[in-house]
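[1] I'll drop the sequence and a predicted model, then ask my questions.
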Amino acid sequence: MTRRRRNTLKQQLQTELAEEAQKADSSPTLCTPTKQYQHFIPRFILRRFQAGPVKSTTERRAEFRRTGVDPEYVYYYDIATGSLDIRPIGKVYGVTNVYQDVRNTNNINELEGKLAELERQAASIIMDLHKALPQGTFTLNRRSLELLRKFLFIMHYRNVSYSGTYFQADHPENAGARQWIEAFMKAKGIQSPVEIWLHFLRYYLDTSHSDIMRHAAELVEKYGEEGLQKMMLESQIPPDLEHFPAYNYHIHANSYFFSIWETTEGEEFIITHNAFGLWEGLGGGCPGLHRIFVVSPRVAIVLRHVISRPEWKGYMKPGVFVSSLLNVNAVPATPIYASGEHGTHINHVNFESPMSLARYRSSQEGGSDSFVFKITKLSQPQTLEFNSVVLVNVTKTGSLTFLSRESMLRTARAFRSLSVNFHASELLVPLITQLTSMMEAEASALRPPLQSSAAVLDQDVDPLTLVDGVLYVLLMQVCTGSKQFETAYDRAYIVFRIMEKRKSTSFAEEISREVEKAFKACKDSGDDMPIGEDVSFAPLLSSIPNESSSQLFQFMIPCMSRLGAVMSDGEGVLEELQDEVIVVSFLARASSSPAVWHALSCISPEAPEILSRLFKNNTPTDKFVRNVARIMYKRASSSNFCSGFHMAYSLRGICGMAGPTTNPISQSYYQLTASMIQCLGRTMLGSLPEPYSSQPRERLKARLLYEIPEEQSKLIFSNMNMILQKSLPGYEPSPGGDTISQTVRKWIDEMAIVGCLAWLGKHRRNCLDFILEGFSPGLSFKLFEEEEATRSI
C-alpha cells in the first residue's frame, strides 16, 4: 500500500508539471494550417492573468469539445479604442504567421514549434519559482539558469515589433552594421529583413546557450570587447562574421545579473503589449539599466546591469544612475560551486579569458554548479512605481492586461496622480472610468437597503486610493483651469499641505526624492555648528502676494537645479506645478534645519529678502536675536570672549544659525556673507595664479577655530576688510561706535567675515590660501581644527 501511495503522489506531481508545461503553445505538425495565430507573449504567462478560475488541461479540452469556445480569458484593455473587455487568450498578444518561415517548404511553422518547446521548459522553471515564493529564495542549477536566460533573450528578440527593423540595413540604429547585414543577406540568399530576423531566431533556438557563448567568446578573444564595439560604431563588421549576433546574446547574458521581484501583498504586476523585455533607466548615460520581464501578476524577473552590483557602488560617481527602480535592493545570486569555491576546476579557470570561462561553464563540472536567488519583496510604493514604468511605455496602439480590477484601478490612479505622468496617463482615463463604474455597480447590487454607495466603498478602501483621488481631482482642476488660485505659491502650498497630511503616495515620493537631493547638498555645504534640527522654528505662510510668489520661484527653481534636484523647467501646467511643489516642500523642510536654512540664505545676496517674505514678522528667532543683541551690547565691556573673532563666531551662531528670520540684523548678515562668498569664492576662482589654481578646492570636513588670540583676531579682520574694500564694490567696513546701531553694524561685518572664511575653508580652500598668503608672513597659527599651524595663517 505504501509503495503504491508513493507512486500515486509521484504521478500527481508529474501530471501537474506536465499540465503547466503544456500551457505553452503546442508544437505544430506538418498538417498545421497555413494560418496560425502565434503569440509573442507565451500562453503560459497569460494564463496566470486568467479571469475566473484556472482550469486544468483536461477541463479545458473537455469544455472546448463541448462548446467549441476557448475557455480561457483575460481582461484586455485596448488603448486605441479605450475599450475594456474579456478576450480569449488564444486571440491576444500574438500575430498571425509572424514566425512562419516560407523558405522552409517542409514545415513553415517549424520555428513556432521550437519556440513552444523552449516555452515548455521555461514554464516548468517558472512554475517551480512560484512554488518557492514562501521560502524567500529560489535555487537553480547552471543549465536551468542558462535555459531561463535564453528564454528571456528570445522573448525579447521575438517581439513582433523588432521583426522588420532588427536587421533592416537602412534603419538609423543599424548604421554600424549595414555593410555586414547586406553582405550576409547576399551570401545566404536572404531577400528581406524579416527573413534574416527569422534566420537568427532559428540560430538562437537551435544553438545551446553554451555554444552561443562560445561563438561570442571566439569573437571577443579575436577582436576584443573594444574592437567589437568599434566595429559596430564605425560600420566595420567583417562580412564573413557569421556568428556576429552571438555577441548581442553575450552582452545580454554577461552585462546583467538576474533578480526575482515579488509584489507586496494586495498589489499585482500588470502586463502590456511591449512589457516583456522592456528596458528602463540609464547607467552612465547609456540606456538599459534594467530589463523587465513580468511572468505573472505576482512575479517579475528583472535583469539589472552589473555596474549597479553592490560591490561596485562605491566606485560610481553620484548621479551616474537614473532610474525609477533604484530604491529596490536587488542583489545578485549566491553561487554554489559543485567542487567548492576554490575547487581544482575553479582554480584552473582564467576569469580574464572569455573562452576559458565559456569552456568551464559548458563543462560537466560547471553544469553542476547552482545559484541561490534571494526573492526581493517589494513594498506598495515600489510595486506601484514598477507598474508606472510599464504604463509610461504604453503606446496609443497598444494593450494592457491585469488580473484583478481593484488592483488595476489603484495602479492606474497612482500613475495618474503623478504630474509627470499626467499626459501619458490620458490613455488610461477610459480604463479608470470603466473600472470605477463596474465596481460601483457591483457595490450597489450588494448594498443593503438604505445604505449609501459611499458607505459601502468606505468599508474596505485603501487609504492610498483616497489620497490619489484627492490629488487627482486637484491636478485635474489645475490642468483644466477650473480651479484658480491667487498666486502660484498659494497653489503649490495647497498641494504640499495635502501631501503632508495624507499617507505617502507615489506623487509625494517623487517630490520627496528631489527635495532630499537639494536638502543633502545644502546640509553638506553648511556648518556643523547649528543645533535643533527638525524643530518647527516658524511655519511657512499659506499665501503670499503675487510679486513675491513670482520672485520666489524665479529664484528657487534654478537654485534647486544647481543643488541637484531634477526640475522640469515648466514644460506644461502640471510640470510647472510639480516644480513649485518641490520648492515649497524643500523650503518647509529647510525651515526646520538651521544649518540648511543658513546655507540657503547665504547662497545669493538676493536670497535673504526673498525668503524672509515666507514668514510672519517677529518669528521666535527674531525675538531671540534682538534680546541677545541688547544683552551683549550692555555687557560688551565685560565680555567673556577671548577675542573679537570669538565673539563674531558666537554672534553668527545666534543671528544666522537659529532658524528662519525676518529681522534686519540676520538679513544684513546673510546678504553681506553671500556677497563676500560671491566675490572671493566665485569671481576669483578663474584668476588664481599657480600653484593655487591647481590645488584642491574642497575640504568639506574643515571646521573653523574660534578661540584665537585678540592679536590674531585683529589681524584677520583688518586684512579681510582691506581685501574686501578693493574687491567687493560698495563695501565699507563699519568702525563701530558708542550706539547700539553702530556696534551692530560692526558685528555684522565681522560675522560675515567669519561666515565667508568658514565657507572658503570648505569649498574654495585654494582661494583662501591665496588670500591668507598676503597676511603677515611671520605669523603662524591654526585657523581650522585638526590642521597644522601654517606660516601665513
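    Now that the structure is in, tell me what you want to look at.

[2] Which stretches in the stretch 51-200 of the chain count as strands?
    73-78, 83-88, 94-96, 137-141 (DSSP state E, counting those that start in this stretch).

[3] so what secondary structure elements neighbour the first one?
    In terms of contacts (3 or more C-beta pairs under 8 Å, 6 or more residues apart in numbering; DSSP states H and E), strand 73-78 is packed against strand 83-88, strand 399-401. Any C-beta I mention is one placed from the backbone N, CA and C, and that applies to glycine too.

[4] ranking the strands of the stretch 51-200 of the chain by burial, who's on top?
    strand 73-78 (a mean of 21; mean count of other C-beta atoms under 10 Å).

[5] outside of that one, which residues touch it?
    46, 49-52, 83-89, 92, 399-403, 405, 408, 431 (C-beta atoms under 8 Å, 6 or more residues apart in numbering).

[6] Also stretch 253-264?
    Applying C-beta under 8 Å, 6+ apart, the contact partners of stretch 253-264 are 129, 133, 138, 145, 148-149, 153, 209, 213, 269, 291, 297-306, 309, 328, 330-333, 371, 373-380, 382-383, 386.

[7] One more: stretch 353-373?
    137-143, 145-146, 208, 210-211, 213-214, 216-218, 220-221, 250, 258-260, 333-339, 343, 345-346, 348-351.

[8] Which among those residues count as buried?
    138-140, 142-143, 145-146, 210, 213-214, 216-218, 220, 250, 258-260, 333, 337-338, 345-346, 349 (16 or more other C-beta atoms under 10 Å).

[9] coming back round to it: pull out the buried residues from the contacts of strand 73-78.
    Neighbour counting by 16+ other C-beta under 10 Å classes 46, 49-51, 84, 87, 89, 92, 399-403, 405, 408, 431 among the contacts of strand 73-78 as buried.

[10] Which one among these sits at the bottom for pLDDT?
    Lowest pLDDT of those: residue 51, 86.

[11] can you tell me which of the strands of the stretch 51-200 of the chain the model trusts least?
    strand 94-96 (a mean of 83).

[12] Can you name every helix or strand that it contacts?
    strand 37-39.

[13] and the strand it packs on, how far from the chain's centre?
    Computed by C-alpha atoms, centre = their mean, to the nearest Å, the separation of strand 37-39 from the middle of its chain amounts to 35 Å.

[14] what's in contact with it?
    With C-beta under 8 Å, 6+ apart as the test, strand 37-39 has contacts from 25, 46, 90-91, 93-100, 109, 112.

[15] If you rank those by neighbours, which is first?
    Neighbour tally across the contacts of strand 37-39 (other C-beta atoms under 10 Å): the maximum, 26 neighbours, falls on residue 99.

[16] That residue is in contact with residue 159, isn't it?
    No: taking C-beta atoms under 8 Å as the definition, residue 99 is not a contact partner of residue 159, at 11.6 Å.

[17] With respect to residue 440, which of the buried ones among the contacts of strand 73-78 is nearest?
    residue 405 (11.4 Å; C-beta to C-beta).

[18] May I have the residues that are in contact with that closest one?
    Counting by C-beta under 8 Å, 6+ apart, residue 405 touches 75, 435, 438-439.

[19] I'd like the residues you listed as a markdown table, with secondary structure and distance to residue 367 appended.
    Shown next, in a markdown table, are those (DSSP: H, G, I helix; E, B strand; the rest coil; distance: C-beta to C-beta, whole Å):
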| residue | secondary structure | distance to residue 367 |
| --- | --- | --- |
| 75 | strand | 41 |
| 435 | helix | 48 |
| 438 | helix | 51 |
| 439 | helix | 51 |
